Every structure is written in structure tokens, then in C-alpha cells.
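K.L.:
got a sequence here, can you model it:
(one chain, ligands or ions: 1)
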Amino acid sequence: MTDNFNIIKAEDVINFVKNGTNLPEKSCLLTFDDGYKDHLIFVLPELLKRNLQGSFFPPVKPVIEREILDVNRIHFILASTNNFTDLVNDLNKLSVEYGVTSSELNYFKSQYAIPSRYDTADVMYVKHVLQHALSEDIRNSISSKLFSIYVNRSELDFAEELYLSFDEIKKLIDSGMYVGSHGYRHLWLDKESYDSQLSEIDSSLKFLKDVGASTKNWIMCYPYGAYNENTLSILAELNCAVGLTTKVGIADVKRHFSLELSRFDTNDYPQ
Ligand SMILES: [Zn+2]
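P.N.:
Numbers count the residues shown, from 1 in each chain. Reported below is the predicted structural model:
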């Protein structure tokens, strides 16, 4: 990695955007989303050994409330079974119990049961329905039920093991790492109202202040890469310098709008 790229710091990108300072050729910013404890146990020592900085984006809720994010519940539910037909059936059955109509389910199927680069149609259906298609309280209850059926573990214990704590995030900052915003509840921001987006972003900034991260010029990493015009105007208002999307590609900071930078996922690199 260090042979082919110049690993830069978050502050280098922020200074480039805000003050026009130079960035080296083939600059590379290392980003780590979702605040996993693995980032402290495995990633931090490797970065320190190489004298590199990583940028970490923990959503607030799992840190403070020790609740598993929908995205992770869904991940562990999917990882605990091979029988996705049964899972889809269980999901549909529970949805009906919560008052979802069969025409709504048919609509979801037509919209979301479409295979992606990495996932089959069934898996995409489960992800979309539980991530955003159902209303938040319903999908929360359903993913919690499916988690207890399929994963069969206490959510609290699981969250303790999975996510960084407040003090561990402090430790990342004290070790010279950058910590930025990944929202409070890890929502698809483009599906939220202006006010709801504002409260998501505001409360994540309050958390960053509490934990000792800089919020003067800061970096937003959009959960699921999702944002819209409202997000961009809120970020501009709140002095956000850089926005990281999940669009795959080289972020040409000289040409691209700094709130819509693309990234590569580790899946995009050959092993
Ligand atoms: Zn995320």
C-alpha cells in the first residue's frame, strides 16, 4: 500500500479543501466505517506500526446506547443462515403481523428483490426491507425478532463485543487517528426529512465534541452513501469540509465537489 500510494491524513484533505494547500500525487486516505471494536484491536496497532493515520467514522447510537444497528443485525441474521427463502418468508410473515399489506410486500419485491454486485435477489430484498422500506419502528422490532430467532444471542452483550466504547474512541483520537461523523442512528439520510437529517447530523457533532474530536472543519461519511440536496445544504451550513460517499472510484479532489467524494471499498481490490 505505502509503496503505491501516499497515505495522507484527514487534516491534509480538509486543508486542501479549505485552504488550497497541496496534496501529493496518488494521495490515499484510509477510512474505516461503523465504529467496530476490531478497528481498535486490529487496525490501530497496524497503523501505528507504520506511522499512518486512519479516519474512523462511528455512528453514535451503538456507542452510547449499546444497541445493534439495523445494518449489523441484518448482517448477522444473514450470516447465520443459508436458507434465504425461509428468511424471506419469516420476514414477510412478521411484516404482515405488524400490519404491512400484501400489496406493499409485492411492491417491495418488485423494487428490491434485484441481485447486486455482491448479493442475490433474496438477500437484497431482506437488506432493503429491513434497512429502509418498512417504517423505522416496525423494521426495528422485526429485525430484533429475527436477530433473536436466527442469531440467538443477547443484543446487549453482542453490542458490547461489536462496537467501540466512548473511551475507546477517545483512545483512537489520542493515538493521532481522525474521527468524523457517520450520523447518530446510521440512517439513509436521503429518505429522512430536513429536520430529521439536521438532528442526526447535529447530534453526531455533539458526540464528536464530547469525545474530543475536531468539529471546526470536519468530515461527514454518509451512512450507506446516501444523501440528497437537503443533506448537502445542512453540511454546508455546519462547516463540513468533506463528504465521503460509497460511489466507487478515485476521488479527484481538484475536480469533484468536496462533499461528494467517491471511495474504493476493500472489495474493489483484488486479493
Ligand atoms: Zn456505515
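K.L.:
alpha carbons only for contacts and neighbour counts from here, please
P.N.:
Noted.
K.L.:
in PDB, please show the C-alpha coordinates belonging to the helix ranked longest in the chain.
P.N.:
Taking DSSP state H as the criterion, the chain has its longest helix at helix 194-211. The C-alpha trace of helix 194-211 is given here as PDB (Å, rounded to 0.1, in the frame of the first residue of the first chain):
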ATOM      1  CA  TYR A 194     -34.700  18.000   6.500                       C
ATOM      2  CA  ASP A 195     -35.400  18.300  10.300                       C
ATOM      3  CA  SER A 196     -34.600  14.600  10.900                       C
ATOM      4  CA  GLN A 197     -31.400  14.900   8.900                       C
ATOM      5  CA  LEU A 198     -30.400  18.000  10.900                       C
ATOM      6  CA  SER A 199     -31.000  16.300  14.200                       C
ATOM      7  CA  GLU A 200     -29.000  13.200  13.000                       C
ATOM      8  CA  ILE A 201     -26.000  15.300  12.000                       C
ATOM      9  CA  ASP A 202     -26.200  17.800  14.900                       C
ATOM     10  CA  SER A 203     -26.300  15.000  17.500                       C
ATOM     11  CA  SER A 204     -23.300  13.300  15.800                       C
ATOM     12  CA  LEU A 205     -21.400  16.600  16.100                       C
ATOM     13  CA  LYS A 206     -22.300  16.900  19.700                       C
ATOM     14  CA  PHE A 207     -20.900  13.400  20.300                       C
ATOM     15  CA  LEU A 208     -17.700  14.300  18.400                       C
ATOM     16  CA  LYS A 209     -17.200  17.400  20.600                       C
ATOM     17  CA  ASP A 210     -17.800  15.300  23.700                       C
ATOM     18  CA  VAL A 211     -15.300  12.700  22.700                       C
END
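K.L.:
can you list contacts of the helix or strand just after it?
P.N.:
Counting by DSSP states H and E, the next helix or strand C-terminal to helix 194-211 is strand 218-221. By C-alpha atoms under 8 Å, 6 or more residues apart in numbering, the residues outside strand 218-221 that reach it are 14, 33, 57, 180-182, 239-245.
K.L.:
repeat the analysis, applying 7 Å as the threshold.
P.N.:
Contact with strand 218-221 is made by Phe57, Gly180, Ser181, His182, Cys240, Ala241, Val242, Gly243, Leu244, Thr245, as judged by C-alpha atoms under 7 Å, 6 or more residues apart in numbering.
K.L.:
any chance of a markdown table for those, columns pLDDT, distance to Ser196 and neighbour count?
P.N.:
Formatted as a markdown table, the contacts of strand 218-221 follow (pLDDT from 0 to 100; distance: C-alpha to C-alpha, whole Å; neighbours: other C-alpha atoms under 10 Å):
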| residue | pLDDT | distance to Ser196 | neighbour count |
| --- | --- | --- | --- |
| Phe57 | 97 | 20 | 24 |
| Gly180 | 98 | 19 | 24 |
| Ser181 | 98 | 16 | 30 |
| His182 | 97 | 15 | 28 |
| Cys240 | 95 | 18 | 21 |
| Ala241 | 93 | 21 | 21 |
| Val242 | 92 | 21 | 24 |
| Gly243 | 94 | 18 | 21 |
| Leu244 | 91 | 20 | 21 |
| Thr245 | 89 | 20 | 21 |
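K.L.:
got these as CSV, with distance to Ile77 columns?
P.N.:
Converted to CSV, the contacts of strand 218-221 look like this (distance: C-alpha to C-alpha, whole Å):
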residue, distance to Ile77
Phe57, 23
Gly180, 28
Ser181, 26
His182, 23
Cys240, 35
Ala241, 36
Val242, 33
Gly243, 30
Leu244, 27
Thr245, 26
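K.L.:
so how far is the longest helix of the chain off the chain centroid?
P.N.:
15 Å (C-alpha atoms, centre = their mean, to the nearest Å).
K.L.:
tell me the contacts of whichever residue of the stretch 151-271 of the chain sits closest to the ion?
P.N.:
Closest residue of the stretch 151-271 of the chain to the ion, C-alpha to the ion: Pro223 (4.5 Å). Contacts for Pro223 (C-alpha under 7 Å, 6+ apart) come out as His182, His186, Leu187, Trp188.
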